[in-house]
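Enquirer: Next input, structure requested:
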Amino acid sequence: MVLRILFRYLANNEQLIQKMSESYPMRRAAQLVVAMMIKTKSMAEQRGLSNMTPEKFREFFRTFNNNLKQEIEGVKEELKKKK
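Expert: Take a look at the predicted model:
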């Protein structure tokens with residue numbers, strides 16, 4: 001409750017938002033996000049994923065998620081063996 005009020009105050013404080021937007025960390029974060037979006041878009045176009053249907057996207061995401069879980073489990077097992 002208190003946190004929500006604090007966030008609402010900070011979000012509606014125009015001077016604070018202006019100062020934050022002019023700060024180096026915020027500008028750099030925005031640059032990195034835009035660069036990542038552009039790189040992702042070009043990679044998707046190269047691989048023919050730009051016209052992917054929702055079903056294909058879900059399947060791609062499931063496969064990616066499963067592979068990620070397997071890799072994490074593999075790393076956990078390797079760490080256990082090292083102990």
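Enquirer: where does residue 21 land on pLDDT?
Expert: If you check residue 21, the pLDDT there is 90.
Enquirer: Distance check, the nearest residue to it once chain neighbours are set aside against residue 19.
Expert: Of all residues beyond its chain neighbours, the one nearest residue 21 is residue 27 (7.7 Å), with distances taken as CB to CB, 6 or more residues apart in numbering. Just so you know, the C-beta spots here come from the backbone N, C-alpha and C atoms, and that holds for glycine as well. Distance of residue 27 to residue 19, given as CB to CB, to the nearest Å: 12 Å.
Enquirer: quick one, helices of the protein?
Expert: 2-12, 14-21, 24-46, 54-82 (DSSP state H).
Enquirer: So the protein: which segments form each domain?
Expert: 1-51, 52-83 (automatic domain parsing).
Enquirer: What mean pLDDT does the last one get?
Expert: Mean per-residue pLDDT for domain 52-83: 90.
Enquirer: Please name the residues that touch residue 82.
Expert: If a contact means CB atoms under 8 Å, 6 or more residues apart in numbering, then residue 82 has no contacts.
Enquirer: and if you look at residue 10?
Expert: By CB under 8 Å, 6+ apart, the contact set of residue 10 is residue 16.
Enquirer: For this protein, which residue occupies the most central location?
Expert: Nearest to the geometric centre of the chain sits residue 33, at 8.5 Å (CA atoms, centre = their mean).
Enquirer: any idea how far it lies from residue 13?
Expert: Taken as CB to CB, the span from residue 33 to residue 13 is 23 Å.
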